[in-house]
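In: Need a 3D model of the sequence below.
(chains A and B)
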Number of protein chains: 2
Amino acid sequence: MAEALTRLETEDLQGNLHEVQELLRRQKVVETLVGRQEMAKHALVEQLVHKQHLTELRTKLDKLHAADIAYILEALPLEERLAVWDLVKADRDGEILLEVSDAVRESLIAAMDPRELVAAAGTLEADQLADLAPDLPADVLEAVVQALPLEERERMRAALSYAEGTVGALMDFEMITVREDVTLEAVTGELRRMESLPDHTDQLFVVDRAQGLLGTLPLSRLIVSDLALEVGRVMVPERVELHPEDGAEDAASAFERYNLVSAPVVDVRNRLLGRLTVSTVVDYIRQKSAQAQLAEGGLREEEDIFAPVLNSFKNRWSWLAINLVTAFIASRVIGAFEGSIERLVALAALMPIVAGIGGNSGNQTITMIVRALALGQIQAAYWAKLLAKELGVALLNGVVWGTLLGVIAYALYKNVALGGVMALAMILTLVLAALMGVAIPWLRARFGKDPAVGSSVLVTACTDSGGFFIFLGLATLILV
Amino acid sequence: MAEALTRLETEDLQGNLHEVQELLRRQKVVETLVGRQEMAKHALVEQLVHKQHLTELRTKLDKLHAADIAYILEALPLEERLAVWDLVKADRDGEILLEVSDAVRESLIAAMDPRELVAAAGTLEADQLADLAPDLPADVLEAVVQALPLEERERMRAALSYAEGTVGALMDFEMITVREDVTLEAVTGELRRMESLPDHTDQLFVVDRAQGLLGTLPLSRLIVSDLALEVGRVMVPERVELHPEDGAEDAASAFERYNLVSAPVVDVRNRLLGRLTVSTVVDYIRQKSAQAQLAEGGLREEEDIFAPVLNSFKNRWSWLAINLVTAFIASRVIGAFEGSIERLVALAALMPIVAGIGGNSGNQTITMIVRALALGQIQAAYWAKLLAKELGVALLNGVVWGTLLGVIAYALYKNVALGGVMALAMILTLVLAALMGVAIPWLRARFGKDPAVGSSVLVTACTDSGGFFIFLGLATLILV
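Out: Sure, this is the predicted structure:
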């Protein structure tokens, strides 16, 4: 692994980027010159200059960490991105492909021929290859798998067999195992024969002959213990054992709660299958949080900021379509009261306020509940208590904002009854919002669905149509 | 630190919770009995049973990890929460207070007397104490600080002096330093004299006499190297050096990119001040992602799910007030066109569709841009390119959805001109949404504000009022 002497500051990250761009620009100038004067005597000299810039750029790239090259690739428009990609040493292609975002990875893979891809994938470990597999053309994947040693092939098959979002899909196989009846002296001697320890090796795993996990030997214990002792005397019972079917989210919580650096993954018979490291967990958490953010904003997946218009359209149309349907329903609710609006046109101006505040309030309730559910804080017995509390908040909000809006409506239209209808509609809509805000995640959780997905759209749909219906319905009953 | 043999599954987390609740329930039954028969002869026996349940509960709690007790406290209503809190060993109060959410911490601190608080805070390290400081009463804090040894007091003062969201506020002081001219043999001997190494000690920091950082000695290198060598021969240059003023977000990116377990924090003269560990970074990332989620949903901070109605109201009112103002402005825009709506009431039913889709589309643009900005992917030179792309997506969306909506409007109201106005208004509103979706984060970033904060409210306000204005304005010009 390339160990660049990299400093933290984003200025430096962007500094790298700017340096690369400057070198690209200079090279381009030269290319243009060479093009124009192709027949001139100076062509040879120009080509040498050209080569020199390329060499400079290549040297710069060689010194960067794979993650930093990934950053540069993501921040460059397609043409320049591919120019840089061409200059990256072939044996680093694999690790860089793992670091870039899905959308950018697609653009890079599309620019590589099968032979290059096979070579790039060939530099990866089984678990990394499994991560890359979905993005590789079938024939490339086949060729790479064929070239793997048997053990690696088995591991890759295992890693691919676990669903996304499970520990099995995230684990790696770079754990070091030791037997309990050897001395620490012998263990240390064994370690010294290795060139270096795998990243995130904070502990060795103690296993029996059948790979059954007996405990772990933290490096910090190995260092402070008497080397004449046997492993079995020094090892500690594993604090957390993961199973490949466990949810990655639960594993992430365990890493967070118990401050882990690595944890063993075992099968039902307690045999060691692999390990999970905190760096994988950090990547997972960041990715999940990004996905939640994107989904919240109505994007299906991370967008390459330089993606063609059509790609962006594909990423966004489904969300707009869903919202079109809910907006259409709300529109038909209003349509049912067109007679009332015709007679009292103030209703048209006031109705979006009721629906809007209802939607916001419902989303507050849902956000709170979805989060508490994710943290496992809501037990079955407490739903009624929670509903009571949310209804209480809704009533309080309703009285406060309803009164304020009633007064505003009266001030605008000098119509006391209209002010009263506005206030009452606000209270009822907020109560509806609270009911829906509790009921929707409760129902989704009860039927085993992820309460976070789509709850916000659903509650907004209810409060929009419901808010219009309540306000216009009350107005029709009382005013018109 | 209590090392429970805890297994991952959430079932177990909830299992602990249920066990505690069962014990609480039994204890309560006994208390009721004791209350009723206070004068009876059996009182003494009952009290013994009572005591036995308490002991059982206390034993259960003693075996749990601090983070697991925090989970139980967060999931219990106030009364039961305080009953459990009373049973927790006093010397663990400090670490548990650090683990619970802000809202629950408040409820626990409110139930403790100053003496208990001083004792609890006294068990913490300087950096942990700094984390707790904002929630402690001034006199308690004063008493604890007075009791600290001079070095710790200095460290705490240092930690408190850095703003929230900086590396300085997150760093700890549990790093082990060594000199470069000693042998690994001597280092190992030194380490063996320690009872145990601090959590997340993956490397020792090599410093000169003035605490200047020279490099680091990874444990994995210490283990595999010849013990006769000097530290200076084996150490590696530090890959990442943090400064206390660096943003925590940047530090988190560095941990993610370079897969770090710990990193040194140095001052401008390169003197070692402390270290940052991956477990702090994981906590920070989780907290930031939770805050973003809460803010997105309109909550000011994490809510204790059992908070009184008034606390929830306080947490939520500001968001509703902001939305009330924007809804009011949109309402006045509609009010300006009341004459047109009176003459063609279909406008009232159709206008929310235009505004709603515009808002959704604007939020898609903003989500994409805010995320790319956070990742540092957008350079000054690319804003124009980005705007062009977003306008392209908006036009494509406008033609697709505008045509569809135009046809629907025609089908509903048999009015060709109305269908045309609907289609045209949809296109223009989507273009407005794209403009605002790019301009708002660009302006906020340009003036050094966080582009994520409030961008969504602003764009929705623009598309709501703008959408109503465009649709009703076009209708007034063309139809009425």
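In: The stretch 51-200 of chain A: helices as residue ranges?
Out: With DSSP state H, counting those that start in this stretch as the definition, the stretch 51-200 of chain A shows helices at residue ranges A:66-75, A:78-87, A:93-99, A:102-110, A:114-122, A:126-132, A:138-147, A:150-161, A:167-170, A:184-193.
In: Can you give me the domain assignment for chain A?
Out: Per the record's domain assignment (automatic domain parsing), chain A is made up of the domains A:10-162, A:177-297, A:309-478.
In: Adding mean neighbour count as columns, could you present the ones you listed in CSV?
Out: The way it works is simple: take the backbone N, C-alpha and C, and place the C-beta from them, glycine included. As requested, these are exported to CSV (neighbours: other CB atoms under 10 Å in any protein chain shown):
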stretch, mean neighbour count
domain A:10-162, 17
domain A:177-297, 18
domain A:309-478, 20
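In: quick one: which of those is nearest B:Leu387?
Out: Of all the domains of chain A, the one in closest proximity to B:Leu387, counting by CB to CB, is domain A:309-478 (12.5 Å).
In: Quick one: end-to-end length of the closest one, please.
Out: With CA to CA, to the nearest Å applied, domain A:309-478 spans 51 Å between its terminal residues.
In: rewinding a little: switch the domains of chain A over to TSV; also include mean pLDDT and distance to B:Leu97.
Out: Shown next, in TSV, are the domains of chain A (pLDDT from 0 to 100; distance: least, CB to CB, whole Å):
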stretch	mean pLDDT	distance to B:Leu97
domain A:10-162	81	34
domain A:177-297	91	15
domain A:309-478	91	18
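In: Mind putting these into CSV with distance to B:Thr123?
Out: As requested, those are exported to CSV (distance: least, CB to CB, whole Å):
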stretch, distance to B:Thr123
domain A:10-162, 37
domain A:177-297, 17
domain A:309-478, 26
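In: Arrange the ones you listed in JSON lines, one row each, with distance to chain B as further columns.
Out: Output for those, formatted as JSON lines (distance: least, CB to the nearest CB, whole Å):
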{"stretch": "domain A:10-162", "distance to chain B": "4"}
{"stretch": "domain A:177-297", "distance to chain B": "3"}
{"stretch": "domain A:309-478", "distance to chain B": "3"}
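In: Out of those domains, flag the one nearest B:Arg115.
Out: Comparing the domains of chain A against B:Arg115 with CB to CB, the closest turns out to be domain A:177-297 (29.6 Å).
In: so how far is that closest one off the chain centroid?
Out: Distance of domain A:177-297 from the chain centroid (CA atoms, centre = their mean, to the nearest Å) equals 24 Å.
In: Could you do stretch A:168-176 as well?
Out: Chain-centre distance of stretch A:168-176: 20 Å, with CA atoms, centre = their mean.
In: picking that back up, B:Ala434: which of the helices of the stretch 51-200 of chain A is closest?
Out: Nearest to B:Ala434 among these is helix A:102-110; the distance by CB to CB comes to 19.6 Å.
In: Quick one: list the elements packing against that closest one.
Out: helix A:66-75, helix A:78-87, helix A:93-99 (3 or more CB pairs under 8 Å, 6 or more residues apart in numbering or on different chains; DSSP states H and E).
In: Relative to B:Leu396, which of those helices is closest?
Out: When these are ranked by distance to B:Leu396, counting by CB to CB, first place goes to helix A:78-87 at 19.2 Å.
In: so what secondary structure elements neighbour the closest one?
Out: Using 3+ CB pairs under 8 Å, 6+ apart as the contact test, the elements touching helix A:78-87 are helix A:10-36, helix A:43-63, helix A:66-75, helix A:102-110.
In: switch the cut-off to 10 Å
Out: In this structure, helix A:78-87 makes packing contacts with helix A:10-36, helix A:43-63, helix A:66-75, helix A:93-99, helix A:102-110, judged by 3 or more CB pairs under 10 Å, 6 or more residues apart in numbering or on different chains; DSSP states H and E.
In: how far away is the closest residue in space to A:Met194 that isn't next to it in sequence from A:Arg193?
Out: Nearest residue to A:Met194 in three dimensions, chain neighbours excluded: B:Val224, at 6.5 Å (CB to CB, 6 or more residues apart in numbering or on different chains). Spatial separation of B:Val224 from A:Arg193 under the definition CB to CB, to the nearest Å is 8 Å.
In: Please apply the same query to A:Gly420.
Out: Counting by CB to CB, the gap between A:Gly420 and A:Arg193 amounts to 86 Å.
In: Quick check: closest non-adjacent residue to A:Phe313.
Out: Nearest residue to A:Phe313, sequence neighbours excluded (CB to CB, 6+ apart): B:Leu396, at 5.2 Å.
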